[in-house]
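Chemist: just a sequence and a predicted model for now, questions to come.
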Amino acid sequence: MPELPEVETVRRGLQPHLEGARLTSVRLNRPDLRFPFPERMEERLTGARVVSLARRAKFLVADTDRDERLVMHLGMSGRFTIIDPAAADLPDAPGQFVHAQPTLPQHDHVEFETEHGVRIVFNDPRRFGYMQMFTAGEDPFYEIGPEPLSNAFSGESLYEALKGRRSPIKTALLDQHVVAGLGNIYVCEALFRSGVSPRRLALNLGKARCDRLANEVRNVLEDAIRAGGSTLKDYAHADGGLGYFQHSFGVYGREGEACTQCQMPVQRTVQSGRSTFFCSNCQR
């Protein structure tokens, strides 16, 4: 499933084409994805102008000039493709890349077209993604923790959120109430960079360790965004390009390989049904 850096990369790819543009056509090619589409979604969005395109946790959020908000989740295999006729004749033009894993037309479930003739197609073979609509005054994210790249997230805020939690720190960081948008890959990498064992109980992290961990959470996410995210299985950018951060993994997916810091073999365990990769020598 795409994590925060992948969703942020997709947002940045879509933003120049969607933000400020009026939607002249919205087409739903089926009645649902993971959940049914909102009532009258085509009617409510056609003719609306996208005022802003933001990201909250792993969600894309499009606010319109009709005081409505479209919230989109990529699910397991969802991806957006940008088709810009104006850029068709330009070499290496954004929006004209070919997906490394080609999409099939039967999985094109939602199609947006803007006043500039740009088509934005949401393709989702597994249909685990979803789209919901809310009024501008509604906050569907009120229970989600702080954004890890915002000023609201710090070692102090992490320390306070972990108080009394007897779950392993790896499990706690995956809890969206603690911090928004973190997933398995980047939690493993942040714990490795900060030298914190994924098995350590969350309540046993002191303020100094929380400061170091919060800093590495931010660093690993920023590094991944600069690299365009990580390409694992179905993930690709909105322009069809692939992310490259997987080539910088310190531990994730490297079971049995030498630790990049101490050369001891990377280990794997299972926590809450998810694979955890770590170095028992470097992480305490």
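Modeler: Thanks, I have it.
Chemist: let me know the helix or strand that residue 185 is in.
Modeler: Taking DSSP states H and E as the definition, residue 185 sits inside helix 184-194.
Chemist: which residues sit against that helix?
Modeler: Outside helix 184-194, the residues that touch it by C-beta atoms under 8 Å, 6 or more residues apart in numbering are 3-5, 169-170, 173-174, 182, 197-198, 209, 212-213, 215-217, 219-221, 224, 230, 232, 249-252, 274-279, 282-283. C-beta: built from backbone N, CA, C; applies to glycine.
Chemist: could you point out which element follows it?
Modeler: Downstream of helix 184-194, the first helix or strand assigned by DSSP H and E is helix 207-226.
Chemist: if you count neighbours, what's buried in that next one?
Modeler: 209-214, 216-218, 220-221, 224-225 (16 or more other C-beta atoms under 10 Å).
Chemist: one more: stretch 16-31?
Modeler: Going by neighbour count (16+ other C-beta under 10 Å), the buried part of stretch 16-31 is 17, 18, 19, 21, 23, 26, 28.
Chemist: counting neighbours, what do you get for the nearest residue to residue 69 once chain neighbours are set aside?
Modeler: In space, residue 69 comes closest to residue 134 once its chain neighbours are excluded; the distance is 4.7 Å by C-beta to C-beta, 6 or more residues apart in numbering. Neighbourhood size, residue 134 [other C-beta atoms under 10 Å]: 16.
Chemist: swap in residue 42?
Modeler: When neighbours are counted by other C-beta under 10 Å, residue 42 registers 14.
Chemist: what do you get for residue 51?
Modeler: Using other C-beta under 10 Å, residue 51 has 15 neighbouring residues.
Chemist: is it within a helix or a strand, and which one?
Modeler: Using DSSP H and E, residue 51 sits in strand 50-56.
Chemist: what about the following helix or strand past that strand, distance to the chain center?
Modeler: With elements assigned by DSSP H and E, the helix or strand that comes after strand 50-56 is strand 59-64. Strand 59-64 sits 14 Å away from the centroid of its parent chain (C-alpha atoms, centre = their mean, to the nearest Å).
Chemist: also stretch 132-146?
Modeler: The answer for stretch 132-146 is 17 Å, by C-alpha atoms, centre = their mean.
Chemist: now stretch 263-280
Modeler: In terms of C-alpha atoms, centre = their mean, the gap separating the centre of stretch 263-280 from the centre of its chain is 22 Å.
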